[in-house]
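K.L.:
Okay, predicted coordinates and the sequence, questions at the end:
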Amino acid sequence: MPSVKVGDTLPQGTFTYIPYTAELEDSLACGRPITLSTEEWQGKKVVLFSVPGAFTPTCHAKHLPPYLEKHDDFKAKGVDVIAVLAANDAYVMSGWGRVEGLKDKVRVLILGPSWNWK
């Protein structure tokens, strides 16, 4: 896996995620996983971070919340996209995002079979 540091251009790759829609406010809705290409981020400022897993005690309580709390600060500094990666499936990540109230502020991407750096 390539290393990425502040200021680098992200390598080309794909991730799977369930984009936030208003329909997901209904707890019975699941959403449909789609593929996101990092090419969509070309020319954008992206904050990308990873956690071991959704709903794990430390990730749930300590790692993710500061990114949501600082969403407006990131946007004021020109950040276009905030995204978190974890080794869960798209449905678990979507559920975690809904529990955390992320909506479209932080994208929840999976590190799984569909994940691919080129």
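P.N.:
The structure has been received and is ready for your questions. Quick caveat, the model's predicted, so the values are computed rather than measured.
K.L.:
start to end distance for stretch 22-33?
P.N.:
15 Å (C-alpha to C-alpha, to the nearest Å).
K.L.:
distance between that stretch and the chain's centre?
P.N.:
17 Å (C-alpha atoms, centre = their mean, to the nearest Å).
K.L.:
Same question for stretch 63-70.
P.N.:
On the basis of C-alpha atoms, centre = their mean, stretch 63-70 sits 12 Å off its chain's mean C-alpha point.
K.L.:
any residues touching it, and which ones?
P.N.:
Here stretch 63-70 makes contact (C-beta atoms under 8 Å, 6 or more residues apart in numbering) with 47, 49, 51, 74, 82, 84, 96, 100, 101, 102, 105, 106. For the C-beta atoms, the positions are set from N, CA and C on the backbone; glycine is no exception.
K.L.:
what's the distance between the first one and residue 26?
P.N.:
So that's residue 47. Note on residue 47: its distance to residue 26, by C-beta to C-beta, to the nearest Å, is 29 Å.
K.L.:
cool, and the third one?
P.N.:
Separation of residue 51 from residue 26 (C-beta to C-beta): 26 Å.
K.L.:
Likewise for the fourth one?
P.N.:
Shown here: residue 74 relative to residue 26, a distance of 29 Å by C-beta to C-beta.
K.L.:
Compare those two and say which one has the larger neighbour count.
P.N.:
Neighbour totals were compared for residue 74 and residue 26, and residue 74 leads with 17 against 8 (other C-beta atoms under 10 Å).
K.L.:
got the contact list for that one?
P.N.:
For residue 74, the contacting residues are 47, 67, 82, by C-beta under 8 Å, 6+ apart.
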